[in-house]
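J.: model this:
(chains A, B, C and D)
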Number of protein chains: 2
Amino acid sequence: MNSSRPVTIKDIARRFRCSPSTVSRALNDHPAINEDTRKNIQEYAKEVGYQRNEVSLSLLNKKTASLGVVVPTISNYYETAVIEGLHTVLQPMGYTLNICVTNESYLLEKESLSKLLSNRTEGIFLSVSQETYDAGYYEHLESVIQRKTPLIFIDREYEDFETSRATVDDYHGAFAAVEHLITIGYKQIAHLKGPNGLTVSEQRFKGYVDCLKKYNMPVREELIINTNFNVESAIMPTKRLLDIDSPPDAIFGVNDQVAIGAMRVAKDKGLRIPQDIGLVGFDNSPISAYTYPSLTTVHRPGRKIGMEASRLFLNQLNGSEDFAPEHIVLPSELVIRESSLRI
Amino acid sequence: MNSSRPVTIKDIARRFRCSPSTVSRALNDHPAINEDTRKNIQEYAKEVGYQRNEVSLSLLNKKTASLGVVVPTISNYYETAVIEGLHTVLQPMGYTLNICVTNESYLLEKESLSKLLSNRTEGIFLSVSQETYDAGYYEHLESVIQRKTPLIFIDREYEDFETSRATVDDYHGAFAAVEHLITIGYKQIAHLKGPNGLTVSEQRFKGYVDCLKKYNMPVREELIINTNFNVESAIMPTKRLLDIDSPPDAIFGVNDQVAIGAMRVAKDKGLRIPQDIGLVGFDNSPISAYTYPSLTTVHRPGRKIGMEASRLFLNQLNGSEDFAPEHIVLPSELVIRESSLRI
DNA sequence: ATATTGAATGCAAACGTTTGAAAAAATTTC
DNA sequence: GAAATTTTTTCAAACGTTTGCATTCAATAT
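T.: Numbers count the residues shown, from 1 in each chain, chains lettered A, B, ... in the order given. As a prediction, this is how the structure comes out:
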């Protein structure tokens, strides 16, 4: 009544002048408990709003039913789609998701992992930060592995780790995008490349380069400029691209945001899309279907990645001693829209 | 070596033939511990990768350092911005965020809250689901209040609850948006209204209506159509709007997504923006600055809301017995861009 | 030599719950 | 009415850690 201290089993036991064991069993419908006792206790428990202390259970059973999700950011569509996918599968199973955002920082990533381990998280989904990736750090992962806490990589991967991973086939998606542009008849295809070093950037870049080579088209250094993953970062690079002597007649952006930034710059310059310049993005974010013109892009199944990653986790959890990690690669899919459909 | 069971203080104690107390004190740099003992124990602990079991500490201290965030969705820009704001303040303080997505369902919301309480979460940030709101349910909140677990409402509010809240001033934002359109000279301003019943929708709607009234402009029923918060949901309603006898010359969308959907439809119909039709959104999402034309919108400080909500939580946590809940209303701000700037 | 101090360590309880085994109480059987 | 059986309840330990108090042991003071 007065205090806010949660009601415990002991409190109830005192009230009924019985032992905590009896209360516990009554609440859990244990058959050995007298029907009346059970009913009384259950009623009383409901009345006073008893709620089991899961913390004590976690300690006892060494099961926390909580999972860590460590990602560089949650402000992009794709990342939230992945988290939604994880949620869809794992929330109904009773798991709680602890989301940690690293802001691409190694230190934050390290601390997050350490915290999650201390909290006895039962599994960790990790998309490594750029800093970690650049520097090639991996010691902070050792303790996770050593603890045998299931560790599932999402998208950004570490080649040398024997863990499960769920990634999207960025390479072939990029390849298909560029091939499409070539088929349509674009001759000078630029690429707004993501930050160097990240698998995502590099794979798409590789798809771009390999496709050009396949069609015996030159890979012009000056048509490749780095950006980040947001709209803003595409503005200056696109302006530069359009100002060079023999400017590109198509741009393949590392993601939709970047492509939309490029679209904006092109329009400001009075270029018609797709007649004067073709545009392709990557992600198939919801907005891409409704830009004007709508944006050709590569679908990246974020939700599915999240769901597959969940599956990988569950496999590992229920797996035998000699469990072998899986590497899922989901296909990406070219979505052709107006921004590249020059007749 | 063989097992994956985490090393405990007892393990270390056994190794050094001392008591767990000594190990605990050594690890915590307790002054009463012999220097050598301390060093040896600390070294060994590091060597075997000892990591304190926070679960047991949570039980002992009744502090879990975890907070619940219960939101209807995480696929909108605004929601993730809020979460980022919470993160920014609370992660450095050692708090872990448990994100629960309700998909606008009352049942999921109820279960999420119950779970969070069972896990002895120290505070809950809640943006109630549409279903909960529509039905006017509130019993599931009682137990949170009764437990005296700090409960902070975000955006969607319950008038009758004595809790802290952080909301954006939707009303005046909408008012300013419509006033701006009127000032520019638009005469027939339509509104793509969000789902009925939600504070967010209703407040913006009220701002729209009140502004029209202030300027003695008629409120035409047929110029008000419901949408959801995504692009897709704006397509049909906008088509309908543009097909009526005396169509609107401006549209105020409940958010940027909806406005962008409207923009797309208008363009498809060959209308020039802003000459033939003016457009205003709400949110100031990153993309809104880079649509073509760029979208006039109302800035909604999601990150700030998250940070303010954190502050409210901390206030309540450190507050005295007679703590009085606060209601923060952050101003929204009109951002004028091209889509409404008819000369 | 004995009392006094001080440093270093150990004991035991606590947090809330579950659970196998033992004990107690109630019921049945002869 | 006692023995056997069944039903119901309690005991005690466990999960991992911290911490006030007690204890041990050695060193110093008398």
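J.: mind checking pLDDT for A:Met1?
T.: According to the prediction, A:Met1 has pLDDT 36.
J.: What of A:Val200?
T.: pLDDT, A:Val200: 89.
J.: Could you do the one 5 residues further on as well?
T.: We have a pLDDT of 98 for A:Phe205.
J.: hey, where'd the helices end up in chain A?
T.: Taking DSSP state H to define them, one finds helices in chain A at A:9-16, A:20-27, A:35-47, A:54-61, A:77-90, A:106-118, A:130-135, A:139-146, A:170-184, A:199-214, A:232-243, A:256-268, A:302-318.
J.: For stretch A:106-119, which residues meet the burial criterion?
T.: A:106, A:108-113, A:115-117, A:119 (16 or more other CB atoms under 10 Å in any protein chain shown). For the C-beta atoms, the positions are set from N, CA and C on the backbone; glycine is no exception.
J.: Make TSV out of those and add distance to DNA strand D.
T.: TSV is the format used below for the buried residues of stretch A:106-119 (distance: CB to the nearest atom of the strand, whole Å):
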residue	distance to DNA strand D
A:Tyr106	26
A:Leu108	24
A:Glu109	23
A:Lys110	20
A:Glu111	18
A:Ser112	19
A:Leu113	17
A:Lys115	14
A:Leu116	15
A:Leu117	11
A:Asn119	12
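J.: Pick out whichever of those sits closest to A:Ser143.
T.: Set against A:Ser143, the nearest of the buried residues of stretch A:106-119 by CB to CB is A:Leu117 (6.3 Å).
J.: Quick check: closest non-adjacent residue to the closest one.
T.: Leaving aside its sequence neighbours, A:Leu117 sits nearest to B:Gln51 (CB to CB, 6 or more residues apart in numbering or on different chains; 5.5 Å).
J.: hey, which helix or strand in chain A has the poorest pLDDT?
T.: Sorting the helices and strands of chain A by mean pLDDT, DSSP states H and E puts helix A:130-135 at the bottom, at a mean of 84.
J.: I'd like to know which elements it is packed against.
T.: Contacts defined by 3 or more CB pairs under 8 Å, 6 or more residues apart in numbering or on different chains; DSSP states H and E place helix A:130-135 against helix A:106-118.
J.: Any buried residues in stretch A:318-331, and which?
T.: Neighbour counts using 16+ other CB under 10 Å place A:325-326, A:328, A:330 of stretch A:318-331 among the buried residues.
J.: Can you dump the C-alpha atoms of it in PDB for me?
T.: What follows is stretch A:318-331, C-alpha atoms only, in PDB (Å, rounded to 0.1, in the frame of the first residue of the first chain):
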ATOM      1  CA  ASN A 318      20.000 -25.600 -30.400                       C
ATOM      2  CA  GLY A 319      22.900 -26.900 -32.300                       C
ATOM      3  CA  SER A 320      25.100 -29.800 -31.200                       C
ATOM      4  CA  GLU A 321      28.700 -29.600 -30.100                       C
ATOM      5  CA  ASP A 322      30.100 -29.800 -33.600                       C
ATOM      6  CA  PHE A 323      27.800 -27.100 -34.800                       C
ATOM      7  CA  ALA A 324      29.100 -25.500 -38.000                       C
ATOM      8  CA  PRO A 325      28.500 -21.800 -38.600                       C
ATOM      9  CA  GLU A 326      26.400 -20.900 -41.600                       C
ATOM     10  CA  HIS A 327      26.900 -18.100 -44.000                       C
ATOM     11  CA  ILE A 328      23.700 -16.900 -45.500                       C
ATOM     12  CA  VAL A 329      23.800 -14.700 -48.600                       C
ATOM     13  CA  LEU A 330      20.500 -13.300 -49.600                       C
ATOM     14  CA  PRO A 331      20.200 -12.200 -53.200                       C
END
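J.: Domain parsing of chain A, as residue ranges.
T.: Here the domain parsing of chain A from automatic domain parsing is A:9-52, A:64-167+A:302-330, A:170-300+A:334-340.
J.: Could you list the contact residues of the stretch 1-150 of chain A toward DNA strand C?
T.: A:5-6, A:8-10, A:20-21, A:24-25, A:27-28, A:50, A:52-53, A:56-57, A:59-60 (CB under 7 Å from any atom of the strand).
J.: Filter those down to the buried ones and hand me the PyMOL line.
T.: In PyMOL syntax, the buried subset of those is picked out as below (16+ other CB under 10 Å):
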select buried, chain A and resi 6+8+9+24+25+27+50+52+53+56+57+59
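J.: and the residues of the stretch 1-150 of chain A next to DNA strand C near DNA strand D, which?
T.: Answer for those near DNA strand D (CB under 7 Å from any atom of the strand): A:20-21, A:25, A:56, A:59-60.
J.: State the pair within these that is farthest apart.
T.: Spanning the widest gap among these are A:Arg25 and A:Leu59, at 19.6 Å by CB to CB.
J.: if we can go back for a sec, from the ones next to DNA strand D among the residues of the stretch 1-150 of chain A next to DNA strand C, list the ones also adjacent to chain B.
T.: A:56, A:59 (CB under 8 Å from any CB of the partner chain).
J.: got the ones next to DNA strand D among the residues of the stretch 1-150 of chain A next to DNA strand C as JSON lines, with pLDDT columns?
T.: Formatted as JSON lines, these follow (pLDDT from 0 to 100):
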{"residue": "A:Pro20", "pLDDT": "95"}
{"residue": "A:Ser21", "pLDDT": "95"}
{"residue": "A:Arg25", "pLDDT": "96"}
{"residue": "A:Ser56", "pLDDT": "97"}
{"residue": "A:Leu59", "pLDDT": "97"}
{"residue": "A:Leu60", "pLDDT": "96"}
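J.: what does the stretch 101-250 of chain A put close to chain B?
T.: A:101, A:108, A:114-115, A:117-120, A:143, A:146-148, A:230-232.
J.: ok, so of those residues, who is nearest DNA strand C?
T.: Using CB to the nearest atom of the strand, A:Arg120 comes nearest to DNA strand C of these, at 13.6 Å.
J.: Quick check: that closest one touching B:Gln51?
T.: No. In terms of CB atoms under 8 Å, A:Arg120 does not count as a neighbour of B:Gln51; the distance is 9.1 Å.
J.: what residues are shared contacts of those two?
T.: Residues touching both A:Arg120 and B:Gln51 (CB atoms under 8 Å, 6 or more residues apart in numbering or on different chains): B:Pro6.
J.: What separation is there between the residue in the stretch 151-300 of chain A that DNA strand D sits nearest to and A:Asp169?
T.: Among the residues of the stretch 151-300 of chain A, A:Leu151 lies closest to DNA strand D, at 20.8 Å counting by CB to the nearest atom of the strand. Using CB to CB, to the nearest Å, one obtains 22 Å as the distance from A:Leu151 to A:Asp169.
J.: Neighbour count: the two, which is higher?
T.: A:Leu151 (25 against 18; other CB atoms under 10 Å in any protein chain shown).
J.: So which bits of the stretch 101-250 of chain A are right by DNA strand D?
T.: Counting by CB under 7 Å from any atom of the strand, no residue of the stretch 101-250 of chain A is near DNA strand D.
J.: Which residue would be the closest one in the stretch 101-250 of chain A to chain B?
T.: Residue nearest to chain B within the stretch 101-250 of chain A: A:Lys148 (3.5 Å; CB to the nearest CB).
J.: ok, the residue nearest to that residue when sequence neighbours are not counted - contacts?
T.: Among residues not flanking A:Lys148 along the chain, B:Ser4 sits closest, at 3.5 Å (CB to CB, 6+ apart). Residues counted as contacts of B:Ser4 (CB under 8 Å, 6+ apart) are A:146-148.
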